[in-house]
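1. Below is the sequence, then the predicted model.
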Amino acid sequence: MYGGHIVDDRDRNLCMTYLTALMDNPLLNDDTELFFFADGKGAASFKTPAAANYERYIEHIETTMPAETPIAFGLHPNAEIGFRTA
């Protein structure tokens, strides 16, 4: 994609794949694991918060959001070593 716009059929196919796989009703259920690739790897967990008001969502973001980890993106834990040293 270029600037957030779909410019060709490959972009459209990629966006539809993401929307179909990730933007689904289970995403909105309580306790859905949002770090799909971290499941069972002992990494930090990122679960969907329970329905609440705006202030509670902000509190959730500020207090319980885990630090980024390569495992969350399906990478090996050593990927962070290379990133941090570069």
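-> Cool, the structure landed.
2. Was I right to think residue 31 contacts residue 47?
-> Yes: counting by C-beta atoms under 8 Å, residue 31 sits close enough to residue 47 to count as a contact (5.0 Å). C-betas here are computed from N, CA, C, even on glycine.
3. Between these two, which is the more surrounded one?
-> A direct count of neighbours by other C-beta atoms under 10 Å for residue 31 and residue 47 places residue 47 higher, at 14 against 9.
4. which ones are touching that one?
-> Listed by C-beta atoms under 8 Å, 6 or more residues apart in numbering, the contact set of residue 47 reads 30-34.
5. Would you state the helices of the chain in chain order?
-> Taking DSSP state H, the helices of the chain run over residues 9-22, 54-64, 79-85.
6. Can you get me a residue count around residue 29?
-> Residue 29 has 11 neighbouring residues, counting by other C-beta under 10 Å.
7. actually residue 69, sorry about that
-> If you count neighbours by other C-beta under 10 Å, residue 69 ends up with 18.
8. I'd guessed it sits against residue 80; true?
-> Yes: Residue 69 is within contact range of residue 80, at 7.1 Å (criterion: C-beta under 8 Å).
9. which intervals of the chain have sub-threshold pLDDT?
-> Regions of the chain meeting the criterion pLDDT under 70 cover residues 1-2, 27, 30, 36-45, 66.
10. ok, now with 80
-> 1-4, 21-49, 64-77, 80, 82-84, 86 (pLDDT under 80).
11. OK, contacts around the residue lying closest to residue 76 once chain neighbours are set aside?
-> Spatial nearest neighbour of residue 76, chain neighbours left out: residue 70 (6.6 Å); criterion: C-beta to C-beta, 6 or more residues apart in numbering. With contacts defined as C-beta under 8 Å, 6+ apart, the neighbours of residue 70 are 76-80, 83.
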